[in-house]
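In: heads up, no residue letters with this:
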């Protein structure tokens, strides 16, 4: 195989697909990138660790078509070290030769391509849904922080996807929980016709793909037997689904009429919580929220950190209430939103708090209280 491709284009592609490799694993092939040059002037790059696969196709000059397997980190480091301009990659038997517009040259060992696993790619047929990358990015960021980081609980170390789509409308819902808070982001009226449990690492890679796309691109999401794939413009991420049951999240969302509610200015409230939380344990601990007529009073106290207080003007309805909440949970829920005002709804000091935008019902964060 012999190809020539622009350095910057190759660096960008290698950087993205190499995230799916396993450079420190015991299987050498999983640390490699597979290059496949075709006669039509394109080369595809692919990496996989068997649970996540990333592929991308870019334009190049093809002098000799063929395949090559090269350690992804070694290749990326050397391409970055090449001068700006076209880079030539020539694979000859068990070696890969890199050259450019100057005398700089590298030789890298190659792996036999028969040792490379197959890359998971989207199946034939129509995708489960098609959406704009900006919408996908927003929804993923709204729930991603609530995914548990505990790898021993795979059903919580993942995000639930529920979707339905017909010729006129799209219904999509993302749900995440770590057992202490639950976040739901949705558009349309999803009917859970198709579902998938996507691990945190896969969610991060799909987000990375969507963030790299243009505003007017569209992302196709495919749900197949064992994988979820996101594809756009020659770029693909495929993630192995978690074969486990997600908690019955609907039972966590309060269905009682709230006895206390408050319309809160999001940015002012966020700033005040961050400040008061400095006086809580590790700066992320319990803060007392006291709702009364026109005011939200915040208070944190710790024997080692001292005491912090502040007040935020709010539109309060219902009973006065003091409730304890872990500050970081409220901070992350408010930070995920991009709105002027939020609604906080409660039914008691030991019942969950529901946080949602004032002007919509497509997002809900349910936060469990703390005993003060």
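Out: Perfect, I can see it now. Just so we're clear, the structure is a prediction, and the values are computed from it rather than from any experiment.
In: Show me where this protein dips below the pLDDT cut-off.
Out: For the chain, the stretches with pLDDT under 70 are 165-168, 192, 283.
In: pretty sure residue 289 contacts residue 309?
Out: No - using Cβ atoms under 8 Å, residue 289 is not in contact with residue 309; the gap is 12.0 Å. Bear in mind the C-beta positions are built from the backbone N, C-alpha and C, glycine included.
In: Between these two, which contacts overlap?
Out: Taking Cβ atoms under 8 Å, 6 or more residues apart in numbering as the criterion, residue 289 and residue 309 both touch 297-298.
In: When these two are compared, which one has more neighbours?
Out: Just comparing residue 289 and residue 309: by other Cβ atoms under 10 Å the higher neighbour count belongs to residue 289, 27 against 14.
In: residues in contact with the host helix or strand of the more buried one?
Out: If you go by DSSP states H and E, residue 289 is part of strand 286-292. Applying Cβ under 8 Å, 6+ apart, the external contacts of strand 286-292 come out as 260, 262, 273, 276-277, 280, 296-300, 314, 316, 320-327, 330, 344, 346, 370, 372.
In: which parts of that strand are buried?
Out: 286-289, 291-292 (16 or more other Cβ atoms under 10 Å).
In: How about stretch 143-157?
Out: In stretch 143-157, counting by 16+ other Cβ under 10 Å, buried: 143-148, 156-157.
In: Of the residues you listed, which is the nearest to residue 7?
Out: residue 144 (32.4 Å; Cβ to Cβ).
In: tell me the phi and psi of that closest one?
Out: Main-chain torsions, residue 144, degrees, to the nearest 10: phi -60, psi -40.
In: Against residue 351, how distant is it?
Out: Counting by Cβ to Cβ, to the nearest Å, the separation of residue 144 from residue 351 is 26 Å.
In: helix/strand/coil for the most far-flung residue of the chain relative to its centre?
Out: In the chain, counting by Cα atoms, centre = their mean, residue 103 sits farthest out from the average C-alpha position, at 41.5 Å. Three-state assignment for residue 103 (DSSP: H, G, I helix; E, B strand; the rest coil): coil.
In: Residue 190 should be in a strand, yeah?
Out: No - counting by three-state DSSP, residue 190 is not part of a strand but coil.
In: pretty sure it contacts residue 174?
Out: No - at 9.6 Å, residue 190 does not count as touching residue 174 under the criterion of Cβ under 8 Å.
In: Spell out which residues make up each domain of the chain.
Out: The chain breaks down by automatic domain parsing into domains covering 2-115, 129-250, 253-367.
In: Any chance of JSON lines for these, columns distance to residue 121?
Out: JSON lines is the format used below for the domains of the chain (distance: least, Cβ to Cβ, whole Å):
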{"stretch": "domain 2-115", "distance to residue 121": "6"}
{"stretch": "domain 129-250", "distance to residue 121": "6"}
{"stretch": "domain 253-367", "distance to residue 121": "31"}
